[in-house]
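Peer 1: Next comes the sequence, and after it the predicted model I'd like to discuss.
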Amino acid sequence: MSHFLRALCFVAALSGPAMAQQADIRFGGLQQDTTLPVEVTSDSLSVDQASGAALFTGNVTAQQGDMRLTAGTIRVEYAEGSQGIDKLIASGGVTLVSPTDAAEAAEAVYTIATGNVVMTGDVLLTQGRAAISGEMLTVNLTDGTGTMTGRVRTIFTPGGAP
């Protein structure tokens, strides 16, 4: 979808009073193969064997394919029986980046099995020259769709304008 058509969808979503609180968004750039391995790097790591969790702190980056999640801390929760990662819980200046889209928020939870990322707290999404903000962004990485909720606001530059 072109940036101009996407911007028109944002305007349509914001035009009615019932829709002013939610905007459905297409995330072609945030579509991801959720079966790819997840690589996490950080300044430090602490592991809690009892809870089956690992806490990465300081300049944390989690990468899966072309998608990169950065934050101050990321807690990795493993599935029962240590059969892989269940969730990544990020906090402290969270950024989710793909080749064409980027989103920022206070916190994010990435559930690997469903491919859903829920970002909360002053969320800002940029897609090319378009930007949209709200309180919560839910992205389905499997099909590249998402929803922004909570006093949604958009800023865009119509096609052809500098």
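Peer 2: Looks like it arrived, so ask away. This one's a predicted model, so the numbers in the text were calculated from it and none came from an experiment.
Peer 1: Could you pull out the strands in the chain for me?
Peer 2: 22-26, 39-41, 44-48, 53-64, 67-78, 85-97, 101-111, 116-127, 130-140, 145-149, 153-155 (DSSP state E).
Peer 1: looking at those strands, which is closest to Asp33?
Peer 2: strand 53-64 (8.0 Å; CB to CB). No exception for glycine: its C-beta is placed from N, CA and C like everyone else's.
Peer 1: Buried residues, that closest one. List them.
Peer 2: 53-57, 60-64 (16 or more other CB atoms under 10 Å).
Peer 1: next one: stretch 122-139
Peer 2: Under 16+ other CB under 10 Å, the buried positions of stretch 122-139 are 123-127, 129-139.
Peer 1: and Val60, what is it in contact with?
Peer 2: 40-43, 70-74, 90 (CB atoms under 8 Å, 6 or more residues apart in numbering).
Peer 1: List the residues that contact Phe56.
Peer 2: 40-42, 44-45, 62, 73-76.
Peer 1: what do you get if the cut-off is 10 Å, keeping everything else the same?
Peer 2: Counting by CB atoms under 10 Å, 6 or more residues apart in numbering, Phe56 makes contact with 40-46, 62, 71-76, 88, 90.
Peer 1: Isn't Ser98 up against Leu141?
Peer 2: Yes: the pair Ser98 / Leu141 is scored as a contact, 9.1 Å apart, by CB atoms under 10 Å.
Peer 1: Can you redo the strands of the chain as CSV, where the extra columns are mean pLDDT and distance to Asp33?
Peer 2: Shown next, in CSV, are the strands of the chain (pLDDT from 0 to 100; distance: least, CB to CB, whole Å):
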stretch, mean pLDDT, distance to Asp33
strand 22-26, 60, 18
strand 39-41, 92, 14
strand 44-48, 94, 26
strand 53-64, 94, 8
strand 67-78, 93, 9
strand 85-97, 93, 15
strand 101-111, 94, 14
strand 116-127, 94, 14
strand 130-140, 92, 13
strand 145-149, 90, 16
strand 153-155, 86, 29
